[in-house]
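Chemist: here is the input, now give the coordinates:
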Amino acid sequence: METTEKTNFIINAIEEDRKNHVYTDDRVHTRFPPEPNGYLHIGHAKAALLNYRIAKKYNGKFNLRLDDTNPIKEDAAYVEAIKEDLAWLGIEWEDRLFFASSYFDKMVTYAEELIQKGLAFVDELTAEEMREYRGTLTQPGKESPYRNRSVEENLELFRKMKNGEFEEGSKVLRAKIDMASPNMNMRDPVIYRILHTSHPNTDEEWFIYPMYDFAHPVEDAIEGITHSLCTLEFEDHRPFYNWVLENLDDYKDEHPRQIEFAKLFLSKTIVGKRYLKQMVDEGVVDGWDDPRLATISGIRRRGYTPEAIQAFCDEIGVAKANSTVDIAMLEHFVRDDLKLKAPRLNAVLEPLKVTITNFPEGEVEWLDIETNLDVPEMGTHKMPFTREIYVEKSDFMEVPVKKYFRLFPGNEVRLRGAYFITCNEVIKDEKGEVVELKCTYDPETKSGSGFTGRKVKGTIHWVSATEGKQAEVHMLEPLVDTEESFSADTFLDTINPNSLRKLTAWVEPRVMEAMAGDKFQFVRQGYFCADTKYSKPGQPVFNQIVPLKSSWRPEKK
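Modeler: Numbering: from 1, shown residues only. Down below sits the predicted model:
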């Protein structure tokens, strides 16, 4: 993986720290801290690659940390999925796989240090009362009546909380900062709550669990992280991040620097974990790896490549303000990566039968077809030409519009890699629908034979009707076909009913040799991948990766 990051405000900040020797040996140490409560999505890919590449740029270290501070929503299966996704992206953490839960004992010690310094207290306000006391953006909050308990009383109560002597929700531990602070996150935030449950990672019975805003800086500091790269929603949390570390003796002299960057938002794409989980739980999609989802496992199953994701993240760069990126831009990089990797084969998705009346019945001519014109090293493959073939319904028009150069009565076109054919007769059923074309071919016009005679403007793809095979093909569109915002209550109403269309296509024989995960360009159709979940040997099922063309183009440099 290319690991050189473009210059940006994060690189500039790191360069400044190295110039000023902020960290011992001018080291750089980053981390990616996903919560194991769901699968990673494309936005996580950007964040993980950013952290990893910056560490590599400075020959530094990169940690993968599972931030498992909320055992109610977490699962070991998510941990394994996260590891698999990141490894697929080309991210390596060596022996630096960590869990927040491994630091719980130390976090309790640090909480007690804050209590002993008079900087934390046990509160008994209800959740509703705490909201009332917190104030508003324009009005300061009120101090809790429990705020001025003695150090000894707070220590005793906190230890009883830890020992499971109080009911859930009856008490919390809060930092003692400033209830009049203009930053709501500094108004005596909660740092521990009571939760009577064992932890799935440690199997230990815990009765208190740290809040993320407290755990995050402590985890970073314990691991020796120098630059904690977070998305923009953590910007207002940075003062508390710094407050925690500045008030712990172990880290006040050299602690991590939090730097925020913009999240990745894609048009017509759902990435919120609660939305993804709801769709999975309600069976709206085929699991977390549904190819229509922007989860990393979903786009991997769809056929995206890690190289395409890396190139896409390079192009969008690192910004300080949130914005939405056109999904067509991502598709461009997928297409750009596949065009020199994927064999180009014929598949007819909506077949119309063509009978070539002057080709001998029962005869099969095996043609040599170039596998990828842009990659001569791929060579050629054999494709059967027969009296009966299929072409796309859209490649015929009985009454052609202006500049229509495909099949219509009396017109001649080239069959890709084969011969010129001329449409002579149109067969319709009782409903008036076109069901067959009678054509003739010119045996002197064989592709690759040196034919230099007349020219035709139209070239179409085709598949033998007798030697070709049938395959299931899934045509995919965005799950949401609107740019309008939606809520948890309404977003299922915005699901695109055409997001998945299953077709029975006719494909050339070589297509059926595909193994799960193999990728192809179906000529004039787009790029497709043999589904890793449903494909069987000799019976591949194909997912559309991206269309053949896009509305997005890179800027000329």
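
Chemist: what is the burial count for residue 537?
Modeler: 10 (other CB atoms under 10 Å). For every residue, glycine as well, the C-beta is placed using N, CA and C.

Chemist: pLDDT value on the closest residue to it other than its chain neighbours, please?
Modeler: Using CB to CB, 6 or more residues apart in numbering and skipping the chain neighbours, the partner closest in space to residue 537 is residue 515 (7.3 Å). On pLDDT, residue 515 comes in at 97.

Chemist: kindly report the same for residue 495.
Modeler: Value for residue 495, per-residue pLDDT: 89.

Chemist: is it true that it touches residue 284?
Modeler: Yes: using CB atoms under 8 Å as the test, residue 495 is close enough to residue 284 to be in contact (6.5 Å).

Chemist: which ones are touching the residue nearest to residue 537?
Modeler: Residue 515 makes contacts with 530, 535, 537, 540, as judged by CB atoms under 8 Å, 6 or more residues apart in numbering.

Chemist: please report how far the residue nearest to the second one when sequence neighbours are not counted lies from residue 83.
Modeler: Which is residue 535. Closest residue in space to residue 535, ignoring its immediate chain neighbours: residue 516 at 4.3 Å, by CB to CB, 6+ apart. When distances are taken as CB to CB, to the nearest Å, residue 516 and residue 83 turn out to be 21 Å apart.

Chemist: now residue 302, nearest residue through space, not along the chain?
Modeler: residue 291 (3.7 Å).

Chemist: doesn't the one you found lie inside a helix?
Modeler: No: looking at residue 291 with DSSP: H, G, I helix; E, B strand; the rest coil, it is coil, so not inside a helix.

Chemist: what about it, distance to residue 477?
Modeler: Counting by CB to CB - residue 291 and residue 477 are separated by 11 Å.

Chemist: pick out whichever of the two has more residues nearby.
Modeler: residue 291 (25 against 16).

Chemist: which residues touch the more buried one?
Modeler: 298, 299, 301, 302, 303, 474, 476, 531, 543 are the contacts of residue 291 under CB under 8 Å, 6+ apart.

Chemist: what do you get for residue 272?
Modeler: No residues are in contact with residue 272 under the rule CB under 8 Å, 6+ apart.

Chemist: now residue 193. Nearest residue, chain neighbours left out?
Modeler: residue 172 (5.1 Å).

Chemist: contacting residues around that neighbour?
Modeler: Per CB under 8 Å, 6+ apart, neighbours of residue 172: 122, 123, 190, 192, 193, 194.

Chemist: could you turn the buried ones of those residues into a ChimeraX selection?
Modeler: Filtering those down to the buried ones (16 or more other CB atoms under 10 Å) takes a single ChimeraX command:
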select :122,123,190,192,193,194
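
Chemist: okay if I get the contacts of residue 172 as JSON lines plus distance to residue 452 and secondary structure?
Modeler: Shown next, in JSON lines, are the contacts of residue 172 (distance: CB to CB, whole Å; DSSP: H, G, I helix; E, B strand; the rest coil):
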{"residue": "122", "distance to residue 452": "91", "secondary structure": "strand"}
{"residue": "123", "distance to residue 452": "89", "secondary structure": "strand"}
{"residue": "190", "distance to residue 452": "81", "secondary structure": "strand"}
{"residue": "192", "distance to residue 452": "83", "secondary structure": "strand"}
{"residue": "193", "distance to residue 452": "81", "secondary structure": "strand"}
{"residue": "194", "distance to residue 452": "85", "secondary structure": "strand"}
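
Chemist: from the contacts of residue 172, which single one is nearest residue 101?
Modeler: Among the contacts of residue 172, residue 192 lies closest to residue 101 (CB to CB), at 14.3 Å.
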